[in-house]
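**Student:** Provided below for reference: sequence and predicted model.
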There are 2 protein chains.
Amino acid sequence: MALVVMKFGGSSLADPDKIKLVANRVIQKKKAGNKVIVVVSAPGDTTDDLLTMAENITSNPPERELDVLLATGEMMSIALLAMAIDSMGQKVISLTGPQAGIVADVNYTCARVKKVNPNKIKQLLAKDNIVIVAGFQALNAKGDITTLGRGGSDLTSVILAASLQANFCEIYSDVEGIFTTDPRIVKEARKIEYISYDEMLELSGSGAQVLQSRSVEIAKKFGVEIHAGSTFSSNQGTIITSEENIRRKNMEALLVSGIAFDKNQVKFTIIDLPDTPGVAAKIFSKLAKVGVNVDMIIQSAAVNKKNDISFTVSKQAVKKTQIELDKLASELKASEVICDEQVAKVSVVGIGMKSNVGVAGKMFDILHKKGINIEMISTSEIKISCIVDERDLRMAVQELHKGFGLSTTK
Amino acid sequence: MALVVMKFGGSSLADPDKIKLVANRVIQKKKAGNKVIVVVSAPGDTTDDLLTMAENITSNPPERELDVLLATGEMMSIALLAMAIDSMGQKVISLTGPQAGIVADVNYTCARVKKVNPNKIKQLLAKDNIVIVAGFQALNAKGDITTLGRGGSDLTSVILAASLQANFCEIYSDVEGIFTTDPRIVKEARKIEYISYDEMLELSGSGAQVLQSRSVEIAKKFGVEIHAGSTFSSNQGTIITSEENIRRKNMEALLVSGIAFDKNQVKFTIIDLPDTPGVAAKIFSKLAKVGVNVDMIIQSAAVNKKNDISFTVSKQAVKKTQIELDKLASELKASEVICDEQVAKVSVVGIGMKSNVGVAGKMFDILHKKGINIEMISTSEIKISCIVDERDLRMAVQELHKGFGLSTTK
């Protein structure tokens, strides 16, 4: 008898019919002889609606109270799904995050899970219940309700799978799995059968928002195999597992697994900074202090004791960044700050790169042949990212997808 | 320094502006030097909306899950009101019913409060917080969320006032207090300054839905003085207190405090029942078994070893009652069952009746002079109720209001 954690996102619970469909899938899994824990997000747009309610009261709500408000969304889901499953004649019980024994630190709105007390879930499973748990929420040491940040329900499901030693964790959404790239850009995009935790992390960090990154990190740490699939299809989805498991199955890993891209990028360039030690540190620690997350950074070689620094931030951080840079530029006597909002990031990701040289060269060559200018480059062990003009992004993704052989069926 | 419990109903929290207005009233109370606990209901129509969500899933939801769903409404209110108060610069913290230490029995949807652990609230008050508590909800011994039934937020506020020995409990709604009768029927209806717990109980039992009856019972038991007033007005409302307190202030209690009425009545008459012992017991125990609450009962004098029994039930219970009576009538060989949906109940209520005879006679006389036929009568120590034709109700209420001197200002 396997223990399975099934997680359903908000779009899978957006109306009564969808909730009943989810109930059916859960019951099938139970009837196939599994013990089943279900983790749910808030229905449809509920979380956004709740945020709007808060905004209508104040632009700066206390985070503790925001968490109390947001936690109601997942409570609706657990109750409604339990009702649907009960009406189909199966034993079922719902638990809030606190009731499920999920204990977090004292941060609000983005709490980190400290531990899970799985006894209540175990007892309920032993009594043949399907156990439904509210994702995204936890209890802290003060007895307060906290939430785990956007995508926190993924985290709840992986953490429960880890602490209850589930056989695997199934994460359902409205897409059929992880694709080689966005099918809206490249119609030949294929569903990936197996992908490693690290590739998945690089893909989600590069704008492919299928799974929350922290949940993939936790899955990697505890060896939880994730099955990502569609609520509305019975097709096989994508299995996210360890590199070893994949190599065991595939003999040789693919050179490139997928092409990711991110339009939410803005490039800043500070011209003519003095070439003295500590200048870069000063800039980036100031930005970190005001909460700006810097993505890619390049520094040009010094000419006449001056050099330029370019970096990218998300579009949401532009205003904050501009304010800080204006102060810093005059302080450091830089000649100019340039902000370019018309950029995008394209990345190739694959564990095969580790043992194959030449991927970067091939990527640059493919882009060059189409006349696409590369403005910035950054590399990791299994990823190469380039900043290009936003107007070139679509073509870049299509050409890379074709150039690395992802468009041809195996 | 007084300790005050303030309770706000859903209509006082229906939109952001109303929530801010409530926040202002709470802050005024705090700034006047009081310790303040606020109890809130779900905003506006939220509870009905949640019930509709459940109905769209199943007509027969498990009560445990219904309570989880309904509890989200009050959680929204505590968070939103806390945000509003915080944004106005006051120290504030929200608590769910379970966090506030409200412990109930194991019944769902209409749990009874077993005890309150007020330590957390006391600590938070000692740290100068305004403490906001979700009404209507509690925790049971299993660790489950339960709800206290319709009007349960009134109960929460009175129970907190009792267990924390608050100086009084203010219950705010969209009406200015308790009136001598419904101002929509009698435009001369006056706001009552003082009313006793018992009169209030008789009034709410007779259809004047201002305060939940159980909360008035608890207030009486623990001597909690209730101030009922409007969220949207600074006028003095109605004080609900003990008969002793009222007599102390008024010297002599009013003969009649108010005229109540109830259109939600249906009269059943069973014709020609055998006049043998146990027949009435059989009928009413059967009805009790299927959950039908019988209000007034009269039995005619026996003629030829046969008699008739009439009684009233609420309109919601008509179908169930009809089914049971059809079975019983043939079993008991009654000749006929008559159902009259066009009836209503009118009641005069007043502690002054205890020491003044002749109130009943005066009531019947007033109705008789207008040609209003009395179909049934029941009396208690401080109330006389008559069933009349629904078409005569309006005139009955107006004439009784005038006849007992309630229309003239004192």
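**Tutor:** Perfect, thanks for sending it.

**Student:** quick check: the gap between A:Gln99 and chain B.
**Tutor:** Distance of A:Gln99 to chain B, given as CB to the nearest CB, to the nearest Å: 6 Å. Where C-beta positions appear, they are placed from N, C-alpha and C, glycine not excepted.

**Student:** tally of neighbours for that residue?
**Tutor:** Neighbours of A:Gln99 under the rule other CB atoms under 10 Å in any protein chain shown: 22.

**Student:** is it true that it touches A:Asn119?
**Tutor:** No: here A:Gln99 does not reach A:Asn119: they are 11.5 Å apart, not a contact under CB atoms under 8 Å.

**Student:** low-confidence bits of the stretch 251-400 of chain A, can you list those?
**Tutor:** Where the stretch 251-400 of chain A drops to pLDDT under 70, the residues are A:251-254.

**Student:** give the contact list for the closest residue in space to A:Thr241 that isn't next to it in sequence.
**Tutor:** Nearest residue to A:Thr241, sequence neighbours excluded (CB to CB, 6 or more residues apart in numbering or on different chains): A:Glu225, at 4.8 Å. By CB atoms under 8 Å, 6 or more residues apart in numbering or on different chains, the contact list for A:Glu225 reads A:Asn167, A:Phe168, A:Cys169, A:Ala219, A:Ile239, A:Ile240, A:Thr241, A:Asn245.

**Student:** quick one: name the residues of chain A near chain B.
**Tutor:** Within chain A, the positions near chain B by CB under 8 Å from any CB of the partner chain are A:16, A:19-20, A:50, A:53-54, A:56-58, A:60-62, A:64-66, A:68-69, A:71-72, A:75-76, A:78-80, A:82-84, A:86-87, A:93-94, A:96, A:99, A:120, A:143, A:145.

**Student:** list buried residues within these.
**Tutor:** A:16, A:19-20, A:50, A:53-54, A:56-58, A:61-62, A:64-66, A:68-69, A:71-72, A:75-76, A:78-80, A:82-84, A:86-87, A:93-94, A:96, A:99, A:120, A:145 (16 or more other CB atoms under 10 Å in any protein chain shown).

**Student:** now go through the residues of chain A next to chain B and say which are in strands.
**Tutor:** If you go by DSSP state E, those have A:Ile93, A:Ser94, A:Ile145 in strands.

**Student:** I figured the last one hits A:Asp67, correct?
**Tutor:** Yes: counting by CB under 8 Å, A:Ile145 touches A:Asp67, with 5.5 Å between them.

**Student:** what do these two both touch?
**Tutor:** Jointly contacting A:Ile145 and A:Asp67 under the rule CB under 8 Å, 6+ apart are A:Gln137.

**Student:** may I have the phi/psi pair for the closest residue to A:Gly143 other than its chain neighbours?
**Tutor:** Nearest residue to A:Gly143 in three dimensions, chain neighbours excluded: B:Gln99, at 6.2 Å (CB to CB, 6+ apart). When quoted as degrees, to the nearest 10, the phi and psi of B:Gln99 stand at phi -60, psi -30.

**Student:** and if you look at A:Gly101?
**Tutor:** The phi/psi pair for A:Gly101 (degrees, to the nearest 10) is phi 80, psi 20.

**Student:** and the closest residue to A:Asp128 other than its chain neighbours, how far is that from chain B?
**Tutor:** In space, A:Asp128 comes closest to A:Lys91 once its chain neighbours are excluded; the distance is 5.5 Å by CB to CB, 6+ apart. According to CB to the nearest CB, A:Lys91 stands 10 Å off from chain B.

**Student:** now do the helices in chain A.
**Tutor:** Ranges of helices in chain A, per DSSP state H, are A:16-31, A:46-57, A:63-87, A:119-126, A:152-163, A:197-205, A:213-222, A:243-250, A:279-289, A:318-332, A:359-369, A:393-403.

**Student:** adding distance to A:Val38, write those out as TSV.
**Tutor:** Converted to TSV, the helices of chain A look like this (distance: least, CB to CB, whole Å):
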stretch	distance to A:Val38
helix A:16-31	5
helix A:46-57	17
helix A:63-87	7
helix A:119-126	11
helix A:152-163	9
helix A:197-205	22
helix A:213-222	16
helix A:243-250	25
helix A:279-289	39
helix A:318-332	39
helix A:359-369	40
helix A:393-403	35
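
**Student:** out of those helices, which gets nearest to B:Ser257?
**Tutor:** Using CB to CB as the measure, helix A:46-57 is the one of the helices of chain A that comes nearest B:Ser257, at 40.3 Å.

**Student:** the inter-axis angle of the closest one versus helix B:16-31?
**Tutor:** 60 degrees (axes from the mean of the first three to the mean of the last three CA atoms, to 10 degrees).

**Student:** pLDDT of helix A:46-57, averaged?
**Tutor:** Summarised as a single mean, pLDDT over helix A:46-57 is 96.

**Student:** residues in contact with the closest residue to A:Val348 other than its chain neighbours?
**Tutor:** Once flanking residues are discounted, A:Val348 sits nearest to A:Val256: 5.0 Å by CB to CB, 6+ apart. With contact set as CB under 8 Å, 6+ apart, A:Val256 has these partners: A:Val348, A:Val349, A:Gly350, A:Gly352, A:Met353, A:Val359, A:Phe404, A:Gly405, A:Leu406.
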